[in-house]
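Trainee: Just need the structure, nothing else, for what follows:
(one chain, ligands or ions: 2)
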Amino acid sequence: MTTSSLLRSPPFFLTPHHPNPKTTTTIKATISSNNNTPPAIKHRRPADENIRQEAHRLTPSIHTPFSAKYVPFNADPSSTESYSLDEIVYRSRSGGLLDVQHDLNALKQFDGSYWKSLFDSRVGKTTWPYGSGVWSKKEWVLPEIDSDDIVSAFEGNSNMFWAERFGKQYLGMNDLWVKHCGISHTGSFKDLGMTVLVSQVNRLRKMNRPVIGVGCASTGDTSAALSAYCAAAGIPSIVFLPANKISMAQLVQPIANGAFVLSLDTDFDGCMQLVREVTAELPIYLANSLNSLRLEGQKTAAIEILQQFDWEVPDWVIVPGGNLGNIYAFYKGFHMCKELGLVDRIPRLVCAQAANANPLYLHFKSGWKDFSPVKAKTTFASAIQIGDPVSIDRAVYALKNSNGIVEEASEEELMDAMAQADATGMFICPHTGVALTALFKLRNSGVIKASDRTVVVSTAHGLKFTQSKIDYHSKAIPEMGCGLANPPVNVKADFGSVMDVLKKYLASQQ
Ligand SMILES: Cc1ncc(COP(=O)(O)O)c(C=O)c1O
Ligand SMILES: N[C@@H](CCOP(=O)(O)O)C(=O)O
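Mentor: Ligands and ions are numbered 1, 2, ... in the order given. A predicted model of the protein is given here:
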């Protein structure tokens, strides 16, 4: 079959999944004629076939009409510089960032409603690899990778939480949503990008490319995701961590997953510099978001948000920013949906930074004049304690092209916002507290209206950052009011004492 004929009729692997009567994916219960015997269950695949083998049988290696390559980021249209995704390259010839460019003309052979129904048909299944929120968009992510090479934990498809009480009580909003990207395999949004990067590494190693291990610098979440996906694939991982600057829960993740953990007496920016130098010398593949492959996975969270709103576009999306890959990934996901006819506009983006690590905020406030890195100070939002973000150019591009805004949060603001959210039933990380602070500020100034549909991106699970909550609720933070602290009450273990405190408590709740 030629490429053009493949394009004219949607090939089998592109058709929204319809059960095949012979190899049916539907688990059929056959009602027995005898009502006393349980119905016989017919499985979609034989007992000795796993889901990878099933995928192989249903979609044997097919030549896909879609493709992607590396190009210099925001290159002049006359540029011809490009690289295959099978090359090991992180920077353009001029030293600039790279971007993964998809063959949009091939993707445009199918209209927006086609892509919507294809993506919708794959949500939440165990069909390899499409049950993953990332790989359900495979044609837009890494179209050419063989499903056999994919390393996935069925990541993505994360909860879109309607923040009903928080929105009503604190902001007068009734269409406020928190996209819980941290309710994920390793507890942060990094899984979305890491499944793509480690899958490509798996492919490169099978092609005998010089990749012995994969390495990253990290404030805790990238390292957790890298080590988990590498462990799943049996690939060595090496993580560069700033000593005493990440949470215990984050530190134990790569240790448990068998990574080679380097604890370095520097900050994240120092680790990033070192890992860049080391990966230029040794056969270690760089897994930070400087590597544009990561963003191809992360952009699917934006597509997923649209999908969860039945392809209606929210007014605002607020993302906490550190190394600044994710804000661009969101822009890219939204922009691709517009470009390919799934939606007719994109939301306005807000990037939220901790005031103690705010180089993008300062740049925005200066009217995008010359950018200067900062020395990031300690922040409870430790995963975004980054002063020299590698994706600064990508972030500026995303914000300029989405009529975007940058906000910042002081330590007290972000901790109070986190406590308020938790008190309404969430259990968020401090970075999400930064994003919620941005929302408070933009609501107070009237930029975000009460009726605006707004999505706050929650980037990690609160359980990774319990020490910050313990400090807050025990009022152990110098110079912070901790106004919502809710410490436990020590009570004598006798009936009278317990009754006394409970009566007092119930009276205060009336
Ligand atoms: C929990 C969390 N939130 C937000 C961010 C910011 O993402 P980015 O570095 O892509 O700006 C990171 C990592 O930097 C993170 O780990
Ligand atoms: N928060 C990140 C910082 C590194 O970001 P990356 O997206 O460039 O890997 C982390 O968890 O390490």
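
Trainee: So what does K475 look like in phi/psi?
Mentor: Torsion angles at K475 (phi, psi; degrees, to the nearest 10) stand at phi 50, psi 40.

Trainee: Tell me where the stretch 201-350 of the chain has strands.
Mentor: Secondary structure of the stretch 201-350 of the chain (DSSP state E, counting those that start in this stretch): strands at 213-217, 237-242, 260-264, 284-286, 316-320, 348-354.

Trainee: Redo the ones you listed as TSV? Include distance to ligand 1 and mean neighbour count.
Mentor: For glycine as for every other residue, the C-beta is placed from the backbone atoms N, C-alpha and C. Shown next, in TSV, are the strands of the stretch 201-350 of the chain (distance: least, CB to the nearest ligand atom, whole Å; neighbours: other CB atoms under 10 Å):
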stretch	distance to ligand 1	mean neighbour count
strand 213-217	11	27
strand 237-242	13	25
strand 260-264	17	15
strand 284-286	15	23
strand 316-320	4	29
strand 348-354	8	28
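
Trainee: any idea which helix or strand comes after the lowest-mean-pLDDT helix or strand in the chain?
Mentor: Scoring the helices and strands of the chain by mean pLDDT, DSSP states H and E places strand 28-30 at the bottom, with a mean of 32. Proceeding N to C from strand 28-30, the next assigned helix or strand is strand 40-42, under DSSP states H and E.

Trainee: packing partners for that next one?
Mentor: Strand 40-42 is packed against strand 28-30, with contacts defined by 3 or more CB pairs under 8 Å, 6 or more residues apart in numbering; DSSP states H and E.

Trainee: quick revisit: quick one: closest of the strands of the stretch 201-350 of the chain to ligand 2.
Mentor: With CB to the nearest ligand atom as the criterion, ligand 2 lies closest to strand 213-217 of those, at 5.8 Å.

Trainee: The residue sitting nearest the centre point of the chain and C181: what is the separation?
Mentor: Nearest residue to the geometric centre of the chain (CA atoms, centre = their mean): F189, 2.9 Å. In this view, F189 and C181 are 4 Å apart by CB to CB, to the nearest Å.

Trainee: residue contacts, N291?
Mentor: Y90, L197, Y285 (CB atoms under 8 Å, 6 or more residues apart in numbering).

Trainee: if we can go back for a sec, overlap of the contact sets of F189 and C181?
Mentor: Common contact partners of F189 and C181 (CB under 8 Å, 6+ apart): A301, V457, T459, A460.

Trainee: Turn the strands of the stretch 201-350 of the chain into CSV, columns for mean pLDDT.
Mentor: Shown next, in CSV, are these (pLDDT from 0 to 100):
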stretch, mean pLDDT
strand 213-217, 98
strand 237-242, 98
strand 260-264, 98
strand 284-286, 98
strand 316-320, 99
strand 348-354, 99
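
Trainee: so which residue of the stretch 301-450 of the chain comes closest to ligand 2?
Mentor: Relative to ligand 2, the nearest point of the stretch 301-450 of the chain is N323 (3.7 Å; CB to the nearest ligand atom).

Trainee: That residue reaches L295, doesn't it?
Mentor: No. Contact between N323 and L295 fails when scored by CB atoms under 8 Å: they sit 11.1 Å apart.

Trainee: Overlap in contacts, those two.
Mentor: Common contact partners of N323 and L295 (CB under 8 Å, 6+ apart): S289.

Trainee: circling back to that earlier point, would you check how far apart the residue of the stretch 301-450 of the chain closest to ligand 2 and S218 are?
Mentor: For N323, the distance to S218 - CB to CB - is 10 Å.

Trainee: ditto for T266
Mentor: From T266 to S218 the distance is 13 Å (CB to CB).

Trainee: ok, now R122?
Mentor: 31 Å.

Trainee: Check V252 too.
Mentor: As judged by CB to CB, V252 and S218 stand 13 Å apart.

Trainee: what do you get for V489?
Mentor: For V489, the distance to S218 (CB to CB) stands at 39 Å.

Trainee: Show me the helices in the stretch 251-400 of the chain, by range?
Mentor: Here the stretch 251-400 of the chain has its helices, by DSSP state H, counting those that start in this stretch, at 268-281, 293-298, 300-308, 325-339, 359-365, 392-400.

Trainee: which of those helices sits most buried?
Mentor: helix 293-298 (a mean of 27; mean count of other CB atoms under 10 Å).

Trainee: Does it reach ligand 1?
Mentor: No. Figure legend: helix 293-298 not in contact with ligand 1 (CB under 6 Å from any ligand atom); closest approach 7.4 Å.

Trainee: before we move on, what about stretch 405-417?
Mentor: No. Stretch 405-417 lies apart from ligand 1 when judged by CB under 6 Å from any ligand atom; the minimum separation is 11.8 Å.

Trainee: chain center to that stretch, what's the gap?
Mentor: When distances are taken as CA atoms, centre = their mean, to the nearest Å, stretch 405-417 is centred 21 Å away from the chain's centroid.

Trainee: For that stretch, buried residues please.
Mentor: I405, V406, E407, E408, A409, E411, E412, E413, L414, M415, D416, A417 (16 or more other CB atoms under 10 Å).

Trainee: Could you tell me how far the first one is located from I246?
Mentor: In this structure, I405 and I246 are 29 Å apart, going by CB to CB.

Trainee: same question, E413
Mentor: Using CB to CB, E413 is found at 22 Å from I246.

Trainee: One more: I284?
Mentor: I284 is 20 Å from I246, where distance means CB to CB.

Trainee: Tell me which of V489 and S218 has more neighbours.
Mentor: Higher neighbour count among V489 and S218: S218, with 28 against 9, using other CB atoms under 10 Å.

Trainee: And the pLDDT for the more buried one?
Mentor: The model reports S218 with a pLDDT of 98.

Trainee: go on, K22?
Mentor: For K22, pLDDT reads 34.

Trainee: The one 10 residues further on now?
Mentor: We have a pLDDT of 38 for S32.

Trainee: Also the one 10 residues further on?
Mentor: pLDDT recorded at K42 is 70.

Trainee: helices or strands next to the biggest helix by length in the chain in the packing?
Mentor: Ordering each helix of the chain by length in residues (DSSP state H) puts helix 190-206 first. Applying 3+ CB pairs under 8 Å, 6+ apart, one finds that helix 190-206 makes contact with strand 213-217, helix 221-233, strand 284-286, helix 293-298.

Trainee: List the buried residues in it.
Mentor: Applying 16+ other CB under 10 Å to helix 190-206 flags 190-205 as buried.

Trainee: List just the nearest of the residues you listed to ligand 2.
Mentor: Ligand 2 lies nearest to K190 out of the buried residues of helix 190-206, by CB to the nearest ligand atom, at 6.0 Å.

Trainee: Please tell me how far the residue nearest to that closest one when sequence neighbours are not counted sits from ligand 1.
Mentor: In this structure, K190 finds its nearest non-sequential neighbour in A225, 3.8 Å apart by CB to CB, 6 or more residues apart in numbering. Plainly put, A225 is 9 Å away from ligand 1 if you go by CB to the nearest ligand atom, to the nearest Å.

Trainee: Surely A225 and L197 touch.
Mentor: No. Counting by CB under 8 Å, A225 stays clear of L197, with 9.1 Å between them.

Trainee: Around ligand 1, pick out the residues from the chain.
Mentor: 188, 219, 221, 289, 320-326, 383-384, 429, 431, 459-460.

Trainee: switch to 8 Å and redo it
Mentor: Within reach of ligand 1 by CB under 8 Å from any ligand atom, the chain has these residues: 182, 188-190, 219-222, 289, 298, 319-327, 329, 351, 381, 383-384, 386, 389, 391, 395, 429, 431-432, 459-460, 464.

Trainee: Would you convert the contacts of N291 into CSV that also reports distance to E155?
Mentor: What follows is the contacts of N291, written out as CSV (distance: CB to CB, whole Å):
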residue, distance to E155
Y90, 23
L197, 12
Y285, 20
